[in-house]
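Trainee: Sequence and predicted structure below; questions after.
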Number of protein chains: 2
Amino acid sequence: MTEVLAYLGLGANEGDRERNIRTALSSLGAAPGVRVVRCSKLVSSALFGEGPEQGEYLNGVAELATSLPAPALLSICRALEVAAGRRLPALRNHPRPLDLDLLLYGRETIDTRDLIVPHPRMWQRPFVLLPLRELGVDLALMPRPVRPLVVQDPAKFAALCSHWQAGACTTGLVPTMGALHPGHQSLIRKARAECDRVLVTIFVNPLQFSAGEDFAAYPRTLERDVQLCAEAGADAVFAPEPLQMYDSDFCSNVAVGAAAMTMEGAIRPTHFQGVATVVARLFALSRPHNAYFGKKDAQQLAVIQRMTLDLGFPIRVVECPIVREADGLAMSSRNVYLAPADRIASTVLVRALRAAQQAFASGERDRDRLLQVASSVLLQEPRAELDYLELRGEGDLRLLPAGPVVLGRMLVAAKFRAGKRVVRLLDNLSLAEPSEIGLSAGSVLFQGDRP
Amino acid sequence: MTEVLAYLGLGANEGDRERNIRTALSSLGAAPGVRVVRCSKLVSSALFGEGPEQGEYLNGVAELATSLPAPALLSICRALEVAAGRRLPALRNHPRPLDLDLLLYGRETIDTRDLIVPHPRMWQRPFVLLPLRELGVDLALMPRPVRPLVVQDPAKFAALCSHWQAGACTTGLVPTMGALHPGHQSLIRKARAECDRVLVTIFVNPLQFSAGEDFAAYPRTLERDVQLCAEAGADAVFAPEPLQMYDSDFCSNVAVGAAAMTMEGAIRPTHFQGVATVVARLFALSRPHNAYFGKKDAQQLAVIQRMTLDLGFPIRVVECPIVREADGLAMSSRNVYLAPADRIASTVLVRALRAAQQAFASGERDRDRLLQVASSVLLQEPRAELDYLELRGEGDLRLLPAGPVVLGRMLVAAKFRAGKRVVRLLDNLSLAEPSEIGLSAGSVLFQGDRP
């Protein structure tokens, strides 16, 4: 049988720590099918995480060449822990004379009840990552975490991102408010295709809701969201509590001028400050290489792009196409609020935009006549209460002068009412975007932003 | 003679680029006292910097073991360039069949008319840094730049910081508005003592001046500043133009609430927004490990600490003690504006603070009586027009209730007028700070902030 390289995390904080580790390594080396190739420096550090008061850990990593299957290697490790005096059952974060963790086994991923490889917590642990780097392990080439790590503490999130980046991994950030749908998953998949490590944030950001808006009622479905993140290939999920994001003395605010003043900014005056502030905080914490946002919230995207440039974050903001239901409605976490009749009526938004798009394709170039084409479709739907309909410059969403339009994006927002509940829906489309015709029901469309 | 390891930058963008480089390496290897140990991959990339249109460069780095002194090695390189057909004089950024740069010579630093080692521009050049890393050179252990690099472009500044950090260097940032004095130099020296690489920024930030303030008249002394940065041990100076920091569409703004509302914030309502915005931008661009600020602007420091926490920059904000003139005046770039009589009168600020401090040392604890002690000193100086005198909590500068004070910092601001010019001076002192007594004229005091 051929040998694979495996990496073993070594730890001890009871008894003669170094002797416990050295003894275990000699026993390992004496086991058939195992060679200890080399061992990193052993370094002393405090307990990582919460636990009863105890002595510092001595930690390191050993590189093994082994012909044993991973579970057999694990059994030997467990036996050596017991031989070193470890009490069973082992309580988490209690002192122990010897702790052996199988971190990596070749480039395999293993996900069984007894064993997960790569070790799920290794990515957060400097006392593992530094020795791995000392041994020349290139984290960027190592297998990804089997399940997404879920991190709540902003400092741990920042540290995780730093560790990955220090290991030469490119990182992609997908900020969300949870209640994930295929639109979000398309962002995660895009990040997955472009980056070594993908981080999804799930945080219903109170700063971007005004009094009277749906902050309390906003859907919160963390467990399901983590599952959807896993499916789409996320490596970590950052899901902090509001007080972890904003402590009681929090008083800073990032505001973006021009881009945030009209349309959504006129209707929700503090909304984009809340968005810019939370995104600046997520960027500062994680400093990803790329950050992924959906084009559905086109004005939000313009605000974030402006903020990123203005504050100088060296982060590529990646625009991702709108994902639509089979009937054309742009996917949104708020669509679930729609009453059945409104759900049917809601397609008026995309129908209006497509009507303008078709007029453009047929040669119409006048700004106001294009708006009128869309407007006349919207007027046919009494359930939709129009907030605004605008034709603006692509990308920066600047005001366009009256007269002929070379290129533009049409944006629409409308309210639907079901009893006391008001659901606001947004949509937008580039005039130059190819219109989809003849959709089959049930298919999910990825609508390209560029021809 | 013992051998040293030297690293040679290899480049060519005319003729058979690879052959030119390989031929030079064989000739080098044949020279007495030179061995070519190994060579990195050769990679093609576009010209770095401005120059006439030309083909891509092929670049790499060779590791040499040599017993020759550095100037002799350089002479061989120059001869090989000529042999490869290089025209003399060599025009900067013009195409060349062969370009050899001595990057590193052991761990020596050399600064002569013909040769500077480490090569001054290597830190900005990915096509040098990546091959150096491929050859296992640890930049953190390499000698520092001989003279500070001066960078104007924010993107290059960000890239320089990233290169250093990717090379495992810790970085310290010292943001200034230039017109440097020994107070600034104490910040740079502190950074020098704590970090592998020290970055000073020099930027008179228009955002933090209001109309009618001294933005246009603020002293600008870049050449002298770079010299003072060099003396204090800076590795790079970032000195952008206003339009490089804020393009014409710039419209973002970072505001800090409570900490920025009173004292300076009440007198200069948009001042701290300008400060928070520029510091957030510098932090986002460079993401240093540490950032150094003087305690002289105590409220500015509190605002920056709050902003750093709120936005989540994982940066340690380091408070540095006030540096004073021999007579006690806190050093400031604006002190040069003072008319001679005002310069003498200006010591009233520190005298008032020290009087309160002495009263505290003698057992006085009542907030208002401590303020009165300082106030009575200030009243004796008619040239000083008091803006405010406050006793506040240490660190966060919170309002203290009337009654006994356990610990506090007294802050004072006053105007001095010479003709039409108004000079505002600030000072502050912790009540618990040891008072300096019996200073000799001419000595520069480093006043400790903590007993």
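Mentor: Looks like it arrived, so ask away.
Trainee: What is the helix or strand harbouring A:Val254 packed up against?
Mentor: Using DSSP states H and E, A:Val254 falls within strand A:252-256. Applying 3 or more CB pairs under 8 Å, 6 or more residues apart in numbering or on different chains; DSSP states H and E, one finds that strand A:252-256 contacts helix A:271-286, helix A:298-311, strand B:252-256, helix B:298-311. Using the backbone N, CA and C atoms, a C-beta is placed for each residue, glycine as well.
Trainee: model confidence over the last one, on average?
Mentor: The one in question is helix B:298-311. For helix B:298-311, mean pLDDT rounds to 97.
Trainee: what helices or strands is it leaning on?
Mentor: In terms of contacts (3+ CB pairs under 8 Å, 6+ apart), helix B:298-311 is packed against strand A:252-256, helix A:271-286, strand B:252-256, helix B:264-267, helix B:271-286, strand B:290-294, strand B:316-320, strand B:409-418.
Trainee: Quick one: work out the angle between it and helix A:271-286.
Mentor: If you take axes from the mean of the first three to the mean of the last three CA atoms, to 10 degrees, helix B:298-311 sits at 90 degrees to helix A:271-286.
Trainee: contact partners of helix B:298-311?
Mentor: In this structure, residues lying in contact with helix B:298-311 by CB atoms under 8 Å, 6 or more residues apart in numbering or on different chains are A:246-247, A:249-252, A:254, A:277, A:280-281, A:284, B:254, B:256, B:259-260, B:263-265, B:272, B:275-276, B:279-280, B:283, B:291, B:293-295, B:315, B:317, B:319, B:395-397, B:409, B:411, B:426, B:428.
Trainee: where does A:Arg86 land on pLDDT?
Mentor: pLDDT for A:Arg86: 87.
Trainee: Confirm it sits in a strand?
Mentor: No - counting by DSSP: H, G, I helix; E, B strand; the rest coil, A:Arg86 is not found in a strand; it is coil.
Trainee: Check the gap between it and A:Ala12 for me.
Mentor: Distance, A:Arg86 to A:Ala12, using CB to CB, to the nearest Å: 10 Å.
Trainee: Of those two, give the one with the bigger neighbour count.
Mentor: Neighbours were counted for A:Arg86 and for A:Ala12 using other CB atoms under 10 Å in any protein chain shown; A:Ala12 has more, 28 against 20.
Trainee: Across the sheet, point out what pairs with the more buried one.
Mentor: Counting by DSSP bridges, A:Ala12 forms beta bridges with A:Leu58.
Trainee: hmm, back to that, can you redo the helices and strands packed on strand A:252-256 as TSV with mean neighbour count?
Mentor: Below are the helices and strands packed on strand A:252-256 laid out as TSV (neighbours: other CB atoms under 10 Å in any protein chain shown):
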stretch	mean neighbour count
helix A:271-286	24
helix A:298-311	23
strand B:252-256	24
helix B:298-311	23
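Trainee: Let's have those in JSON lines, adding distance to B:Gly233.
Mentor: Formatted as JSON lines, the helices and strands packed on strand A:252-256 follow (distance: least, CB to CB, whole Å):
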{"stretch": "helix A:271-286", "distance to B:Gly233": "28"}
{"stretch": "helix A:298-311", "distance to B:Gly233": "29"}
{"stretch": "strand B:252-256", "distance to B:Gly233": "30"}
{"stretch": "helix B:298-311", "distance to B:Gly233": "22"}
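Trainee: Which stretch among the ones you listed approaches A:Leu378 most closely?
Mentor: Among the helices and strands packed on strand A:252-256, the nearest to A:Leu378 by CB to CB is helix A:298-311 (17.7 Å).
Trainee: orientation of the closest one relative to strand A:252-256 in degrees?
Mentor: Direction vectors for helix A:298-311 and strand A:252-256, defined by the same axes, to 10 degrees, enclose an angle of 110 degrees.
Trainee: could you dump helix A:298-311 to PDB, C-alpha only?
Mentor: Extracted C-alpha coordinates of helix A:298-311, given in PDB (Å, rounded to 0.1, in the frame of the first residue of the first chain):
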ATOM      1  CA  ALA A 298     -28.700  47.700  -7.700                       C
ATOM      2  CA  GLN A 299     -28.500  50.800  -5.700                       C
ATOM      3  CA  GLN A 300     -27.100  49.000  -2.600                       C
ATOM      4  CA  LEU A 301     -24.400  47.700  -4.900                       C
ATOM      5  CA  ALA A 302     -23.600  51.200  -6.200                       C
ATOM      6  CA  VAL A 303     -23.400  52.500  -2.600                       C
ATOM      7  CA  ILE A 304     -21.100  49.700  -1.600                       C
ATOM      8  CA  GLN A 305     -18.900  50.100  -4.600                       C
ATOM      9  CA  ARG A 306     -18.600  53.800  -3.800                       C
ATOM     10  CA  MET A 307     -17.900  53.200  -0.100                       C
ATOM     11  CA  THR A 308     -15.200  50.600  -1.000                       C
ATOM     12  CA  LEU A 309     -13.400  53.000  -3.400                       C
ATOM     13  CA  ASP A 310     -13.800  56.000  -1.000                       C
ATOM     14  CA  LEU A 311     -12.500  54.200   2.100                       C
END
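Trainee: In contact with the residue of the stretch 351-451 of chain A found nearest chain B, which residues?
Mentor: Closest approach between the stretch 351-451 of chain A and chain B, counting by CB to the nearest CB: A:Asp396, at 7.9 Å. Going by CB under 8 Å, 6+ apart, A:Asp396 touches A:259, A:302, B:249.
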